[in-house]
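# Mind folding the following:
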Amino acid sequence: MTDKTFKAGDTVKWDHSQGTTTGKVVRKLTRETHIKGHKVAASEDHPEYLVESDKTGARAAHTPEELRKA
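Below is the predicted model:
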């Protein structure tokens, strides 16, 4: 498990094909869920974070390794 932990409301940034995006953590995901028809295989041992883009408002799940504090 990673030591990178975030909490709801944290401002984070992540890289993607068009550059870097900033957003806020909505919540920590610790069980399998679906977002926009995509399966998110989160678990207690391998959590992911639901984040919302500041620019577009779009929500997506990201692993802790993909995120960093903004």
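
# tally of neighbours for the closest residue to T11 other than its chain neighbours?
Sequence neighbours aside, A70 is the residue nearest to T11 in space, at 4.4 Å (criterion: CB to CB, 6 or more residues apart in numbering). From N, CA and C alone the C-beta is placed, and that goes for glycine too. Neighbourhood size, A70 [other CB atoms under 10 Å]: 14.

# now swap in F6 and tell me
Applying other CB under 10 Å, we find 20 residues neighbouring F6.

# One more: V25?
V25, neighbours per other CB under 10 Å, totals 18.

# Pairing partners for it in the sheet, please.
V51 (DSSP bridges).

# That one is in contact with E48, isn't it?
No - using CB atoms under 8 Å, V25 is not in contact with E48; the gap is 10.7 Å.

# Just the pLDDT at the residue located most distally from the centre of the chain, thanks.
Ranked by distance from the centre of the chain (CA atoms, centre = their mean), the top residue is Q18, with 17.3 Å. With respect to pLDDT, Q18 scores 89.

# Phi first, then psi, for it.
phi -100, psi 0 (degrees, to the nearest 10).

# Report the separation between it and K24.
19 Å (CB to CB, to the nearest Å).

# same question, R68
Separation of R68 from K24 (CB to CB): 14 Å.

# Please compare those two by neighbour count and tell me which comes out ahead.
Neighbour count, other CB under 10 Å: between R68 and K24, K24 has more, with 16 against 13.

# Quick one: residues contacting the more buried one.
For K24, the contacting residues are G9, D10, T11, V12, V51, E52, D54, by CB atoms under 8 Å, 6 or more residues apart in numbering.

# Counting only helices, which of those residues make the cut?
Nothing among the contacts of K24 maps onto helices, per DSSP state H.

# Name the nearest residue to K69, sequence neighbours excluded.
Closest residue to K69 apart from its sequence neighbours, by CB to CB, 6+ apart: V12 at 6.2 Å.

# and the one you found, what is it in contact with?
By CB under 8 Å, 6+ apart, the residues touching V12 are F6, T22, G23, K24, V25, Y49, V51, L67, R68, K69, A70.

# Great, nothing more from me.
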